[in-house]
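Colleague: Can you look at this prediction? I've put the sequence above it.
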Amino acid sequence: MEHPSDSMPNGPINIGSTHFLALPRPDILTGPPPGTVDTTTLAAHDFDVDTRTGFMPPQAPLRRLPVDWEPWEEVLDDAVGRKLQLGDGLDLDEGEKIKSEVWRKTVRKLPILPITELKKSEVLLRRAHHVLGWIMHFYIHSLPPRTPIRIPPPLTLPLLQVSAQLQLPPVLTYSDDVLYNWYIPNSDEIIPTHTSPLRCQTLFTSTKDEAEFYLVSARIELRGVDALELMRITMDEAFVGDDIAARRITTYLRDLAGVIRDLAGILSSVKGGCDPDVFYRDVRPWFRGEDSISSSSSGEEEKRKWVFEGMEMDESLTEPTELSGPSAGQSSLIHALDAFLGVDRYSHSKELTGSFPSTTSTQTSSKSAFLQRMQLYMPRHHRAFLTHLSNNPRPLREVVLSLTRSGEHPGLMEAYNESVRALKEFRDLHMVIVALYIVGPAKRARERERERAAAVGEGGEEGEGTRRRPLKGTGGTDLVKFLKGVRDQTQGTLLPLPGAPS
Ligand code: HEM
């Protein structure tokens, strides 16, 4: 297993000073000067979606901040190097507990570093969010169980400030662990594809299982580039809307179904490199957000508030409200497919459960639907891209309906359905993967806990750890019900073929 710091580039920034991502960016809180364009990334007018790499950046993300922020990088290296363990792990010995407290002390003793210079570059801010997010998850999840969660000022201030600039929640996101967490050994110049030998920059556990978990998503994003191109040319044809366009769209939709089936193939490949028990026991608990009320590895369940200490030192900061853990539910690619095919009207609806993990109906209705909420965790240009897609004046589903209204182009409706069916099958497979990686290991963990409790004479009534509750996703959903709902709603988007029984 390659250590994340292997083959680290010498310089702090591995892009040239004239590169577009190194251009000055305006402060997000004050905005660009009147009359100037948003240069936060030069691709902003294109929603930062690259024609070659889609939602992934075409250049390897920055792997180290400049020397002024070296203390953060060192603290992160130290957490990885010490192989910090989960604070609620069952087999944690005294030595491990001391080791992790010594590390947390170094975090509390960090100087409060200003982010003024970071604000000038999107690339620096992304790296800062990655590093600080990772440190915070190490900090919180290495704490002993039932300890209050207080994030110290040297972490709170820069993390909240950087997050405000990026308009992201101050928590690890899919962009931190997938989109901006890769490199290709010895070849920073190569534009990645889904078959490139990608490696991860940062891991909690230094295991190949964890790396594979992130890289499968990265490969899906890169394979999805063809889907984005097919969407684009389909929308061009929809604008024309004549017979030739109908025939072309038919072909594009068949091709799109093929790409979605490839995405499913890549998803399935996770089984080859990521062991379900290692994932469930050692990797997944590090992702927990404030709203993940999941069983700890010792079987207990708890929910603790995350207190950000030191916020009063910067009056521009506001109390974070979004603190869900990272989830591939934040993949803009899958949301884009939903929006393009018109599935989002169904799958993103508020009626669909999983809107929020609360037990009271008032709380449920006060939060927007889970998938909409997950868009807040995406890079803001990608979020804008999805809004743009959803506001398409010629939605594909309506175009297909109108072009086939009088029985013409029957193949078009079939091709549309083929794409929707491929997406539904992707979700079928995703549910199989979730059963393998979460439902199964959770059941085995409960059984082990029941046996342990019986052995030490705690049998009889089911305890906290062994009681069967709905399983929660890292994004806080009642995951089985939620995923089944989204899958069924995808199926519900299929158009009834003329003559088919309704
Ligand atoms: C071992 C692999 C995986 C596991 C265990 C897993 C688990 C989950 C869970 C528990 C959820 C529920 C939402 C939450 O609370 O987070 C979810 C949602 C979701 N996941 Fe995965 N996931 C895996 C891989 C992937 C991959 C590779 C993708 C695609 C990039 C993906 C895409 C999604 C999407 C789009 C959702 C939102 C629900 C939907 O749109 O169907 N997942 N996943």
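Modeller: Arrived safely.
Colleague: From residue 96, how far out is the closest residue to residue 344 other than its chain neighbours?
Modeller: Sequence neighbours aside, residue 338 is the residue nearest to residue 344 in space, at 4.1 Å (criterion: Cβ to Cβ, 6 or more residues apart in numbering). Backbone N, C-alpha and C define where each C-beta goes, glycine included. Separation of residue 338 from residue 96 (Cβ to Cβ, to the nearest Å): 43 Å.
Colleague: For the two, indicate the residue with more neighbours.
Modeller: The neighbour comparison of residue 338 against residue 96 (other Cβ atoms under 10 Å) goes to residue 338, with 24 against 18.
Colleague: Mind checking what secondary structure the more buried one has?
Modeller: helix (DSSP: H, G, I helix; E, B strand; the rest coil).
Colleague: where does the stretch 251-400 of the chain have low pLDDT?
Modeller: Low-confidence segments of the stretch 251-400 of the chain, defined by pLDDT under 70: 293-302, 346-368.
Colleague: Name the SS class of residue 150, please.
Modeller: Residue 150 - assigned by three-state DSSP - is strand.
Colleague: Count residues in the vicinity of it, would you?
Modeller: 17.
Colleague: what sits against the closest residue to it other than its chain neighbours?
Modeller: Distances taken as Cβ to Cβ, 6+ apart put residue 307 closest to residue 150, at 4.8 Å, once the chain neighbours are dropped. By Cβ atoms under 8 Å, 6 or more residues apart in numbering, the contact list for residue 307 reads 148, 149, 150, 151.
Colleague: thought residue 377 was touching residue 332?
Modeller: No: using Cβ atoms under 8 Å, residue 377 makes no contact with residue 332, being 10.2 Å away.
Colleague: out of these two, which sits in the more crowded spot?
Modeller: residue 332 (29 against 24).
Colleague: How is residue 75 assigned, secondary-structure-wise?
Modeller: On the basis of three-state DSSP, residue 75 is classed as helix.
Colleague: ok, it touching residue 107?
Modeller: Yes: Residue 75 is within contact range of residue 107, at 5.9 Å (criterion: Cβ under 8 Å).
Colleague: Output the set of residues of the stretch 251-400 of the chain in proximity to the ligand.
Modeller: 267, 270, 327, 328, 329, 331, 334 (Cβ under 6 Å from any ligand atom).
Colleague: Top of the residues you listed by number of neighbours, please.
Modeller: residue 334 (27 neighbours).
Colleague: tell me the residue furthest from the middle of the protein?
Modeller: Residue farthest from the centre of the chain, counting by Cα atoms, centre = their mean, is residue 406 at 42.7 Å.
Colleague: Can you give me the domain boundaries for the protein?
Modeller: 39-203+277-313, 218-274+327-447+462-491 (automatic domain parsing).
Colleague: Same list (the ones you listed) but as TSV, adding distance to residue 27.
Modeller: Listed next are those as TSV, based on distance: least, Cβ to Cβ, whole Å:
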stretch	distance to residue 27
domain 39-203+277-313	6
domain 218-274+327-447+462-491	14
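Colleague: Of all those, which one comes closest to residue 321?
Modeller: Residue 321 lies closest to domain 39-203+277-313 among the domains of the chain, at 8.1 Å (Cβ to Cβ).
Colleague: Now do the closest residue to residue 376 other than its chain neighbours: how many residues are near it, please.
Modeller: Excluding the flanking residues, the one nearest residue 376 by Cβ to Cβ, 6+ apart is residue 322, at 5.6 Å. A count of nearby residues for residue 322, using other Cβ under 10 Å, gives 18.
Colleague: Next to the ligand, which bits of the chain? Give me the list.
Modeller: 213, 216-217, 220, 267, 270, 327-329, 331, 334, 427, 430, 433-434, 437-438, 473-477, 479, 482-483, 486.
Colleague: Okay, and the residue lying closest to residue 392 once chain neighbours are set aside sits in which element?
Modeller: With Cβ to Cβ, 6+ apart as the criterion, residue 392 has its nearest non-adjacent residue at 6.8 Å, and that residue is residue 235. Secondary structure assignment for residue 235, by DSSP states H and E: helix 225-240.
Colleague: can you pull the alpha-carbon coordinates of that helix into PDB?
Modeller: In PDB, the C-alpha atoms belonging to helix 225-240 read as follows (Å, rounded to 0.1, in the frame of the first residue of the first chain):
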ATOM      1  CA  VAL A 225     -17.700  11.900 -18.700                       C
ATOM      2  CA  ASP A 226     -19.200  10.200 -21.800                       C
ATOM      3  CA  ALA A 227     -22.600  10.500 -20.200                       C
ATOM      4  CA  LEU A 228     -22.100  14.200 -19.700                       C
ATOM      5  CA  GLU A 229     -21.200  14.600 -23.400                       C
ATOM      6  CA  LEU A 230     -24.200  12.500 -24.500                       C
ATOM      7  CA  MET A 231     -26.400  14.700 -22.400                       C
ATOM      8  CA  ARG A 232     -25.000  17.800 -24.000                       C
ATOM      9  CA  ILE A 233     -25.400  16.700 -27.600                       C
ATOM     10  CA  THR A 234     -28.900  15.400 -26.800                       C
ATOM     11  CA  MET A 235     -29.900  18.800 -25.500                       C
ATOM     12  CA  ASP A 236     -28.600  20.400 -28.700                       C
ATOM     13  CA  GLU A 237     -30.700  18.000 -30.800                       C
ATOM     14  CA  ALA A 238     -33.700  18.600 -28.500                       C
ATOM     15  CA  PHE A 239     -33.400  22.300 -29.400                       C
ATOM     16  CA  VAL A 240     -33.800  21.400 -33.100                       C
END
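Colleague: For it, which outside residues touch it?
Modeller: 49-54, 245, 248-249, 252-253, 255-256, 259-260, 263, 333, 336-337, 340, 389, 392, 394, 396, 399.
Colleague: Which of those fall within helices?
Modeller: 245, 248-249, 252-253, 255-256, 259-260, 263, 333, 336-337, 340, 389, 396, 399 (DSSP state H).
Colleague: Fine, thanks again, bye for now.
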